[in-house]
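Undergrad: predicted model follows, preceded by the sequence.
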Amino acid sequence: MMEITNWSEYWSEFDDFCSDLDNSDKNKTASELREAKRFVNGLTDGWYEFHDNFKKTIDNSKELEVNEIERANQLIKILTITLEKR
């Protein structure tokens, strides 16, 4: 599991993931993930919208490789755990 201790590290990893997708010509998925991030507005509803859209994007993507899905699922899991604590 990823070692992420704060939101700055989370967003850095998320942005790196999106950049890696772009570099692998998986621009559609990267774009959808960046759009999902726009839901985060400081309100709890926005975090859940981000979570749901992130998960849906990964679940529906036909272009991701196994290691990319695993990486995304780790980010989703970290987010899920944090939201469950609220």
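TA: Now that the structure is in, tell me what you want to look at.
Undergrad: going forward, measure contacts between C-alpha atoms and count neighbours the same way
TA: OK.
Undergrad: show me where pLDDT drops low in this structure?
TA: Residues of the chain that meet the criterion pLDDT under 70 lie in 1.
Undergrad: and the longest helix anywhere in the chain, which residues are buried?
TA: As assigned by DSSP state H, the longest helix anywhere in the chain is helix 66-85. For helix 66-85, the neighbour count (16 or more other CA atoms under 10 Å) marks R71, A72, N73, L75, I76, I78, L79 as buried.
Undergrad: residue boundaries of the helices in this structure?
TA: Taking DSSP H as the test, the helices found in the chain are 7-23, 27-37, 44-60, 66-85.
Undergrad: run the angle between the longest helix of the chain and helix 44-60 for me.
TA: Here the directions of helix 66-85 and helix 44-60 differ by 160 degrees (axes from the mean of the first three to the mean of the last three CA atoms, to 10 degrees).
Undergrad: helices or strands up against helix 66-85?
TA: Here helix 66-85 touches helix 7-23, helix 44-60, going by 3 or more CA pairs under 8 Å, 6 or more residues apart in numbering; DSSP states H and E.
Undergrad: need the winner for burial among those helices.
TA: helix 44-60 (a mean of 17; mean count of other CA atoms under 10 Å).
Undergrad: tell me how far that helix lies from the chain's centre.
TA: Computed by CA atoms, centre = their mean, to the nearest Å, the chain-centroid distance of helix 44-60 equals 8 Å.
Undergrad: now the angle from that helix to helix 27-37?
TA: The directions of helix 44-60 and helix 27-37 differ by 160 degrees, with the same axes, to 10 degrees as the criterion.
Undergrad: contacting residues around helix 44-60?
TA: Helix 44-60 is contacted from outside by 29, 32-33, 36-41, 64, 69, 72-73, 76, 79-80, 83, using CA atoms under 8 Å, 6 or more residues apart in numbering.
Undergrad: mind checking the backbone torsions on F39?
TA: The main-chain torsion angles of F39 are listed as degrees, to the nearest 10 and equal phi -70, psi -20.
Undergrad: which residues touch it?
TA: Applying CA under 8 Å, 6+ apart to F39 gives the contacts G46, W47, E49, F50.
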